[in-house]
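Colleague: sequence? don't have it. structure:
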């Protein structure tokens, strides 16, 4: 696995930050946050990001979005009981999809990155993201790096 670009490992690159409590049940037999626990921590950060930004509220009766892909890169060990800060922002925006980029930090050190591809759909065919939603996504894009 290639190491992420340096900008991905800086909290300053992300417009939103959420503190997530670790749980004893997240640990493996060696006392590290396990892969399922880290996925849950990143998911909690992503859900809170969507709620805080209002991106989750933009859903009419005919529209919905869903997660199409999740990629997690484990960079270091995480431990209980220290909190994890999940920093998130919008990455690339496509025609009908966008990527939420996140990095989990513990004690100021990056311990995992998460890339989540989200696809907008509806009960009738949607050819492209509406301009107002695309503009809302762009307001929360990460700062740094080449998207």
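Modeller: Looks like it arrived, so ask away. Here the structure is a predicted model, which is why all the values come from computation and not from measurement. Numbering: from 1, shown residues only.

Colleague: sec struct for the nearest residue to residue 116 once chain neighbours are set aside, please.
Modeller: Nearest non-adjacent residue to residue 116, counting by C-beta to C-beta, 6 or more residues apart in numbering: residue 100, 4.6 Å away. For every residue, glycine as well, the C-beta is placed using N, CA and C. Three-state call for residue 100 (DSSP: H, G, I helix; E, B strand; the rest coil): strand.

Colleague: any idea how far residue 100 is from residue 115?
Modeller: Going from residue 100 to residue 115 by C-beta to C-beta, to the nearest Å gives 8 Å.

Colleague: overlap in contacts, those two.
Modeller: Jointly contacting residue 100 and residue 115 under the rule C-beta atoms under 8 Å, 6 or more residues apart in numbering are residue 91.

Colleague: which of those two has more residues huddled nearby?
Modeller: The neighbour comparison of residue 100 against residue 115 (other C-beta atoms under 10 Å) goes to residue 100, with 25 against 18.
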